[in-house]
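Enquirer: Quick one: sequence plus predicted model below, questions after.
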Amino acid sequence: MGFRPLPSRDVRWAPVEGEGLEHLHLSATPSGVVARSAVIGERGGIAYGIFYEIHLDAGWRVERFEISTARGQRLALTQEATGRWTDESGAHRTALDGCIDIDLAGTPFTNTLPIRRLAGRLSQPADLRMLYVRFDTFEPLVDEQRYTELSPTLFRYEAMDRSFSVELPVDEDGLVIDYPTLFKRV
């Protein structure tokens, strides 16, 4: 499926359980898309407030991203070449080599990145090496994931360790509408 060119828009999600809300603003730019979001919620009884900004090229490849907390914790990484990440000091993060997309825990938006980037090529399962960041540690890790298009507006996400699988309905822009057990669009 090919998605329409992305208009600038705002989207909100709430967790299925517990308190929280995400407000995402997407801006189409001449060179791609910028996503800016504020996320409030709780995990394990601990409240958090997160802000993230992701810069994407026209093909929905992550160029750089930054995550920060209301308490001042911060992580910023740049993808200098496909699958090659550096931190703010310019140090190459070799453990993340091969990761093209990112997956930020606590938001369904980052599921859109491989869905849009690989639009029309997911009729067969695609195994991906993801740069995964949990909101409680901000430590970037590698996570193996699989995406498969089930219909033009429905995709299966699977953890490669077989610990989790879910079907994700998306809208005309490839944005998740419902993430069963975790998030719902509001």
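Expert: Right, received. Where do you want to start? Since the structure is predicted, the reported quantities are computational estimates derived from the model, not experimental observations.

Enquirer: Just say helix, strand or coil for the nearest residue to residue 123 once chain neighbours are set aside.
Expert: Among residues not flanking residue 123 along the chain, residue 149 sits closest, at 5.5 Å (Cβ to Cβ, 6 or more residues apart in numbering). Quick note: C-beta positions are derived from backbone N, CA and C, even for glycine. Three-state call for residue 149 (DSSP: H, G, I helix; E, B strand; the rest coil): strand.

Enquirer: Hmm, residue 149 is touching residue 125, no?
Expert: No: with contact defined as Cβ atoms under 8 Å, residue 149 does not reach residue 125; the gap is 9.3 Å.

Enquirer: okay, those two: which has more neighbours?
Expert: Counted by other Cβ atoms under 10 Å, residue 149 and residue 125 do not tie: residue 149 has more neighbours, with 21 against 12.

Enquirer: Who does the more buried one form a beta bridge with?
Expert: Note on residue 149: beta-bridge partners by DSSP bridges are residue 155.

Enquirer: what's the residue closest to the geometric middle of this protein?
Expert: Centrality entry for the chain: nearest residue to the mean C-alpha point is residue 110, 1.3 Å, by Cα atoms, centre = their mean.

Enquirer: residues contacting that one?
Expert: 54, 101, 102, 103, 104 (Cβ atoms under 8 Å, 6 or more residues apart in numbering).

Enquirer: go with 6 Å
Expert: Residues counted as contacts of residue 110 (Cβ atoms under 6 Å, 6 or more residues apart in numbering) are 102, 103, 104.

Enquirer: how about those in JSON lines, adding pLDDT, secondary structure and distance to residue 37?
Expert: Shown next, in JSON lines, are the contacts of residue 110 (pLDDT from 0 to 100; DSSP: H, G, I helix; E, B strand; the rest coil; distance: Cβ to Cβ, whole Å):
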{"residue": "102", "pLDDT": "98", "secondary structure": "strand", "distance to residue 37": "13"}
{"residue": "103", "pLDDT": "97", "secondary structure": "strand", "distance to residue 37": "14"}
{"residue": "104", "pLDDT": "96", "secondary structure": "strand", "distance to residue 37": "9"}
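
Enquirer: With respect to residue 87, which of those is nearest?
Expert: residue 102 (14.0 Å; Cβ to Cβ).

Enquirer: What residues are bridge-paired with the residue nearest to that closest one when sequence neighbours are not counted?
Expert: Once flanking residues are discounted, residue 102 sits nearest to residue 131: 4.6 Å by Cβ to Cβ, 6+ apart. Note on residue 131: beta-bridge partners by DSSP bridges are residue 102, residue 142.

Enquirer: Can you select the buried ones from the contacts of residue 110 in PyMOL?
Expert: PyMOL command restricting the contacts of residue 110 to the buried ones, with burial defined by 16 or more other Cβ atoms under 10 Å:
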select buried, resi 102+103+104
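
Enquirer: Sweet, I'm off.
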